[in-house]
Structure formats: structure tokens, C-alpha cells
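A.B. asks: Kindly return the folded structure for what I paste below:
(chains A and B)
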Amino acid sequence: MMRNVFGTGEQAKEPVYLKLIDKLAPLYTKVGVDYRQMRTILEMKMTVDSRKEAVIQSVGSNAKQKEEKNHFFSSLWVYAIISVFLLFLFVYDNWVFQYTTYFSYIFIMLFSTMLANFSNILLDTKDAELIGTKPVSQKTIGAAKATHIGIYLVSFTFAVGLAVMLATFYFNGILAGILIILLTFLSSLWALGLTIIMYSTVLKHFDGEKLKNIIAYSQIGVSIFMVMGYYLMGQIFEVIDPATFLVEMNLSVGHALLFPMWFVAPFGLLQEGIQTVYVVYTLFLVAGTVAIGILYNMNSDKIDSNLQKMNKAKAKPSSRSFLETGTAKLLSAGSLEKAYYHFTWQLTKNEREFKTRLYPSIASAMIFPLVLFFSSLRGDQPITSQNTLTFLYLPYFTMLAIPMIAVATQFSVNYKGSWLFELSPKHAKAPFLRAVTKVMLVKILFPMYGLISLLIVILMGFTYSVQLLNGFLLMSAILYFEMKRSSQGLPFSRKYAASEANQGCMASLIFFIPVFVVSLAMILLQSFVPYAEWGVLVALIALNAWWMNKGFNK
Amino acid sequence: MEPIVELVDVTKQFDGTPVLKGVTFSVMPGEIIGYIGPNGAGKSTTVKIILGMLKKDSGTIRLFDQPLDPNDVTYKARIGYVPENAELYETLTAKEYLLFVGELYGMEEQDIVERAGQMMDALGIKDAFHGRLSSFSKGMRQKVLIISSLIHDPDILFWDEPLSGLDANSVQIIKELLAKLKEEGKTIFYSSHVMDTVEKLSDRILILHDGHVVADGPFSELKKEAAGTLEQLFNTLTGFDQHEALAEQFLNGMKGEITHDA
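C.D. replies: Numbers count the residues shown, from 1 in each chain, chains lettered A, B, ... in the order given. Okay, the predicted model is just below:
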């Protein structure tokens, strides 16, 4: 057994993931990775992840530090509990339907939130100086990074899939149970492999400033692909008899693009026997896995060797846009707040890490309303009072981005620069937080909400414009309360570590319920109580005026 | 004797801006080389290219009498490196960090701990062996970096501003250490802006300016080109003689008397 030099001492128990990875040592060695070095790097990374930077510590303190728990792992149970809702799938007897929904959910969770949070680790340039100058090959560094993220992704995927995996053993038998474990594991490897291949390809062909945006946009592209997938999925399955939960499947050639279906095909073979479509899809899965393996092996050392481009972008003269100066004048209460407003605007414009963490969650918060909007437009059906309510509900979904925003604004790669704010007078914290909240409202939430509202106005005219405005004002107020609830110290003053990766994601899931209730209450109140919308408008204007001037004051 | 490091006409540009425009020099085993130049001249870029952290655009590099092969990293085991602005893994303790580095060099735990302990003791920071790097002063971090660059007993050292943040006593120790390393036959290639130190310690001085090596030789020889201190020679070779005018401009800017466009 390998020794453990990090953590509490040599007697410390080795984590399970290290024991498991030790079993794969021959595989690493076979693909040209120095396993011993890779393990050393991995151990170090996991130790760093489990420790938070101490705020106050005496210089050169030799006192024994308390070992902290990696809170990523200790919070996984929340995902396991949330995913219990997937058990409803087992009322249907169609395995293909069950696991299509399951793998779609797994892939949505993996791509929309988790990978965005891990892109920072893949694109970390610090290792180049501290590890790249030692006799460690790019392949070994690449493998260490991939394994580092892989540990989190696999544990996350298993937490998300736990309920369905256990239920599979119970309802569908041991063989299906073993299959679901293997395929769930494979799905997280796919997500990891595809991301690494995508990044290394982007890094190989582009450089400088473009790169930062391409990465953020390509993640949005992934989200759009998922929207399309979701839409197509609706075409494939149709519940033909709700009483007996009978599901009909209409697979066609065009659906072959939906790769989660490939993961489902082996279950089709297991339940329904050999059918051409399942055989073909299973072959796709095998071929896809092999292709990802080969492409990963060809590209795994490219990310680090091209990372230098990230820091060598040509400096562009920075300028303040009309939108920035205009909204700063309009919304800032005082000159100090205005200074913070400009600072936040520029920082969020320039920081790649901020964009790569937040943009994909924004894209995923847009998925539901957009999918529902377009799937509600069925041919020449008239707009009834029932689907009017559905349409009015759509913009509220964008609120799901709020917890992500609240989390994202706490971190920065330039977190050390926060000493500047520490020097500011104590009363400067409230204007700073107000400025950050306002910038997020203008830059992120307004365009999101605006787009969905615009679609609704195009469809239904201006009849509901006051209600739409009220929705935005409500969102603004909720953003304030969430920022206030979650703010820990000054914005942009925390260092981002891998173990923080699930914070925003989890908050979004929990956020779903209050947002649903509040939004429903708003719509019902305004739809059925005469003139209620005007009362709500006045109340929300007052609430927003209050926080914009006095918010965050203690 | 063959040079231990040899660069011929090495160029490098970033986004179309040339930084190295054809750098040529060689270093013999056992030499102490002072590599100096104005800010942004490309000193760190040169070292990063030699260490394989950046790719050169053209030119040839030979290390240890072999052409530099980007796919072969074994040569790095013979190199010790102190970067100018190193970001450390701050939540690790000094012991953990040095163990980590030593392990990457393929050393055994016992060996690393013994060497690190003795070196930390010599630099007066042994008590901080189990302290986290985040709690270290700038000087203490620099000492850890210096130790990490020597722990595997390398043949050649690349040190970028090695004395940065060190107190006067520690500077004395490092200077003495450099002399002893030279006696051991080690090659030392270091960059610094402290001209006095470079002048006294270096066997040879290389001055990099505008992407070229504009001076190469022992200080005693370079002095013949422009009399005075190394600082004066540096000013002459880099064409800089406006200290007073620029200080004046700065002061005016501070007072709001604007004479130049932003």
C-alpha cells in the first residue's frame, strides 16, 4: 500500500478513492502516465481542497492545524435525497422509458452545472509553474487533473443516481442493477472525456482573448444542445394510456444523435430481447466510448501545453460602455457605490473564471422556460386561459439563476486583491454589496427575463405587461434577499476550490420550491383579484427602492 | 568542455508582439551567470522556454549537451528553479509542500524530510516546518522556494529574483551558499534587479534589452565599454538617461498638473 504524506499524519486512513485508483495503476502506466507522480499530485490536490484558507493566522504558525472535511463529499446526500423523485419512473413498466429519463437527468446535471464549476481546475495555470518545472510529463499532469475532477464527478453521479440504482436492483433484477452501475459510471467518464476533448480542441485552435469567450459560449452551446434533446425526447415517448402508464416509443433515425439513448439501449436488449434499434444504439455506445478514449488519449496532454495562451492575451484598452455608465448613474446611491458598480462591471467582464462558472448555469436556467415556450406553441391551437397562465409563469423560471449568481460573486481568482477593500472604511461594505447586486441585475437577470418576456409580448401583446414588470421587480427583490442571505464577507474575496463546486448547484435545487410557491401566488393573485397587479406594482417598487438605497445596511 | 546551456537565435512572440528577437548565449558548467534587463525585456520568458513552460518560435536550445526535446522531461530532474512570483499551494504546510516537490523528483520520504529539516534549520525557519504556507511572510516563502529548488541536489539552478523579500542576514547566507554551490561545480543562472549583487556574485553578466543580448562578459570586461558601476553600464546599454525628467513628470501627475495624455 502506498503511504499517505498529506493530512494528519502517516497513520491517517487512506481515502477510498485512492484505494480504488491504486487498482487502476497498471492502466495509467500503460497509457504513459507516471503513476507515482500522478498519485502524489492527486493526494496534494485533494488535501488542498479539504482545507479552507485561514483568515487570521499567526506568521509561521506551527500549531497543529485542524483537519477539515471536504464539504463536497459531506453534502452529496442532498443530491441523493433530491433524486428520489426519479423513483416515480418505476410505475412504468417500460425500461427504455425509465432509463432514458434517468440518463437524460444525469447528463443534464453533469453538463449544466458540475462541469462548469470544474472548468477552473482544468484551466488552472498555476500547475505549470509549480509542477511543470519538475520532471513530470504533460500526460501525467493531464491525468492528475482528469482524475481529480473525475473523483468528484463520479461521486456526484453516484449520489444523483443512488435512488434509481437501488430501485433497479429491487424492481428490475440483479443483471439490470449491475448494468446501471456500470453505465452510470461510464456516463460520468463520458462527461469528463467530452469536456477535456472540447477544451483541448478549443485551446489548440484559438488563443488569447477569444479563447475565454469561446469556452464560455461552448458551454452555453452544450446547454442549447440539451434543450433540443429534451424537445426531441418529448417526440419519442408518448404516454398513450395514463391509467396503465403505457408508454409508446417512436424512435427514428434522427434520434440517433441523442446520446443518452445509447446508454439506454442495453436495457432494451435486456427487457425486450434483440431488436435492431437497440443493437445499433448499443454499438453506438461502444463506438462512442472507444472514440472518446482514443480522442482523450490524443488530447490529454494538450490542455496544459496550450494553457500558456490563456495568460498571454493581448491587452485591450478598457472602456466603459454606454450601458455601464448609464445604469451606474441611474442606479447608484452615492459616489462610493458608483465606484464599486464600475469595478464589479469590469471585473465580471474580464474574469474568465467568473464567466465559465456562471454562464452555463444561466443557460440552464433558460432551458425550462424556452423548452416550455416552444413546446406550448402547438400548431394553430388558440391561446386559452389555461396556457396563458403557463406562459405567464415562464419568466419566473429565470429566477433559478439567482443562487448561482449569489455564489459566483463571492469568488474571484483575484481574491487576494480584496485587501484593498479591507482598507476601506467599515461602512463601505453595504455600498459594495448593493453595487454587485445591481450589476448582476442589469447584466445577467434583466437580459434573461427580458428575452422570455419579449417572447410572451410578441405572442400575447401588451395585455400582461404590468404582470411581466411585476415579475421582474419581484426577481430583483429576491436577488437582494438571496445576496444578503448568502453573503459571507466581501464579494470577490474568496478563493475558489474544487470542493466549492456544488454550492450554487445545490442552492438552485433548494431554491426551486420557494420560487415556485411565490411565483404561483403572484400569478393567481394578479389573475383573479381585480386591480391586484397595480397594488403589487406599487408594493414592489417601494421594496426595490428601499433595498437599492438602504439595502445591506446593518 | 561543452556548454551546459546553449541558446542560438531563439525567438518568441506573444500575440504578434516579439519579446525575444534572437537570443544567443551559452553557459559553461560551474559558472554563475547574472541575467539582467529592464522590466519586460524577456528574462523570465527565456527561463520559461528553457524549462519547457513556453514554446519557442524559432532557434535552437541545447541543455546538458542534448537538443531540448519537449517530449522528454527527464532533464528537469537536473534543474532547480525559483520563479519570480510563485503562487504556492498555500494551505499545505512547509513539510507537505517540500515532500510533494521531493516526491515529484522521485525521492524517498525519509530523505526529503531529513534534507528539508536541515536546510530549513540553516535558514532559521525550522520552527515553521509544520506551519501552513498561507501564514508565512514573503521572506519565509522565498526560503521554502529556495529549499524546494535545491532539495534534489540539481546540477543547474535557474533563480529568478532569489533574494526577493529576504532579510539582510538571509541574503548573506544565500550569497555564501551561491559561492559554495559554485565550488561544488553547480551552474547558477539567475535574474535580478539588484545590480550590486549581480556585480559582485556573477562570473559573467548577460544584459538583455529589446529582445537581444546586448552585453555578455565578466563585469571587469564590460566595464571597459562604459566606466562606473554595473548600474551605470546597464543605463548606458539600455539607453536610459531620463531619470530626473520622469520623476518630475510623475510628481506633476500626482499633483494633478497634467502634461501628458492618458
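A.B. asks: Can you find the helix or strand of the chain with the lowest average pLDDT?
C.D. replies: You didn't say which chain, so I picked chain A. One helix or strand of chain A scores below all others by mean pLDDT, DSSP states H and E: helix A:308-311, with a mean of 64.
A.B. asks: hmm, I had chain B in mind actually
C.D. replies: helix B:230-237 (a mean of 77).
A.B. asks: Could you point out the helix or strand that follows that helix?
C.D. replies: Per DSSP states H and E, the first helix or strand lying C-terminal to helix B:230-237 is helix B:243-255.
A.B. asks: and the angle from that following helix to helix B:230-237?
C.D. replies: Inter-element angle recorded for helix B:243-255 and helix B:230-237: 90 degrees (by axes from the mean of the first three to the mean of the last three Cα atoms, to 10 degrees).
A.B. asks: Packing partners of helix B:243-255?
C.D. replies: Helix B:243-255 sits against no helix or strand, with contacts defined as 3 or more Cβ pairs under 8 Å, 6 or more residues apart in numbering or on different chains; DSSP states H and E. (Each C-beta comes from the backbone N, C-alpha and C, glycine too.)
A.B. asks: one step back: summarise which helices and strands the least confident helix or strand of chain B is packed against.
C.D. replies: Under the contact definition 3+ Cβ pairs under 8 Å, 6+ apart, helix B:230-237 sits against helix B:195-201, strand B:204-209, strand B:212-217, helix B:219-222.
A.B. asks: Name the surrounding residues that touch the first one.
C.D. replies: What it means is helix B:195-201. Contact with helix B:195-201 is made by B:32, B:34, B:36, B:163, B:171, B:175, B:178-179, B:192, B:205, B:219, B:229-231, B:234, as judged by Cβ atoms under 8 Å, 6 or more residues apart in numbering or on different chains.
A.B. asks: Can you name the two of these that sit furthest apart?
C.D. replies: Using Cβ to Cβ, the contacts of helix B:195-201 span at most 23.2 Å, a distance reached by B:A179 and B:F234.
A.B. asks: Skip ahead from the least confident helix or strand of chain A and say which helix or strand is next.
C.D. replies: helix A:322-331.
A.B. asks: returning to what we had before: closest to A:F552 out of the contacts of helix B:195-201?
C.D. replies: Distances from A:F552 to the contacts of helix B:195-201, taken as Cβ to Cβ, are shortest for B:L163 (45.1 Å).
A.B. asks: confidence score at the closest one?
C.D. replies: Looking at B:L163, its pLDDT reads 86.
A.B. asks: Quickly find the element holding it.
C.D. replies: Here B:L163 is covered by no helix or strand, with elements defined by DSSP H and E.
A.B. asks: packing partners for the host helix or strand of A:A363?
C.D. replies: Assessed by DSSP H and E, A:A363 sits inside helix A:352-376. If you count contacts as 3+ Cβ pairs under 8 Å, 6+ apart, helix A:352-376 packs onto helix A:115-122, helix A:208-236, helix A:335-350, helix A:385-393, helix A:402-408, helix A:446-460, helix A:503-528.
A.B. asks: Which of these sits closest to chain B?
C.D. replies: Of all the helices and strands packed on helix A:352-376, helix A:208-236 sits nearest to chain B, with 5.4 Å by Cβ to the nearest Cβ.
A.B. asks: which of the contacts of helix B:195-201 has the most neighbours?
C.D. replies: Within the contacts of helix B:195-201, most neighbours by other Cβ atoms under 10 Å in any protein chain shown means B:I36, with 26 neighbours.
A.B. asks: Surely that one touches B:I207?
C.D. replies: Yes. Between B:I36 and B:I207 there is a contact at 5.6 Å, judged by Cβ atoms under 8 Å.
A.B. asks: picking that back up, mean confidence (pLDDT) on the helix holding A:A363, please.
C.D. replies: On average, the pLDDT along helix A:352-376 is 74.
A.B. asks: and the angle from that helix to helix A:503-528?
C.D. replies: On the basis of the same axes, to 10 degrees, helix A:352-376 is oriented at 40 degrees to helix A:503-528.
A.B. asks: okay, the angle between helix A:352-376 and helix A:446-460?
C.D. replies: Taking the same axes, to 10 degrees, helix A:352-376 and helix A:446-460 form an angle of 10 degrees between their directions.
A.B. asks: Which residue ranges make up the domains of chain A?
C.D. replies: A:73-312, A:329-377+A:384-550 (automatic domain parsing).
A.B. asks: In chain B, which helix is the longest?
C.D. replies: Secondary structure of chain B read by DSSP state H shows that its longest helix is helix B:168-183.
A.B. asks: What lies in contact with that helix?
C.D. replies: Helix B:168-183 has contacts (Cβ under 8 Å, 6+ apart) with B:30, B:32, B:122-124, B:139, B:143, B:146, B:157, B:162-163, B:166, B:188, B:197, B:200-201, B:203.
A.B. asks: Tell me the buried residues in that helix?
C.D. replies: In terms of neighbour count (16 or more other Cβ atoms under 10 Å in any protein chain shown), helix B:168-183 has its buried residues at B:170, B:173-174, B:177-178, B:181-182.
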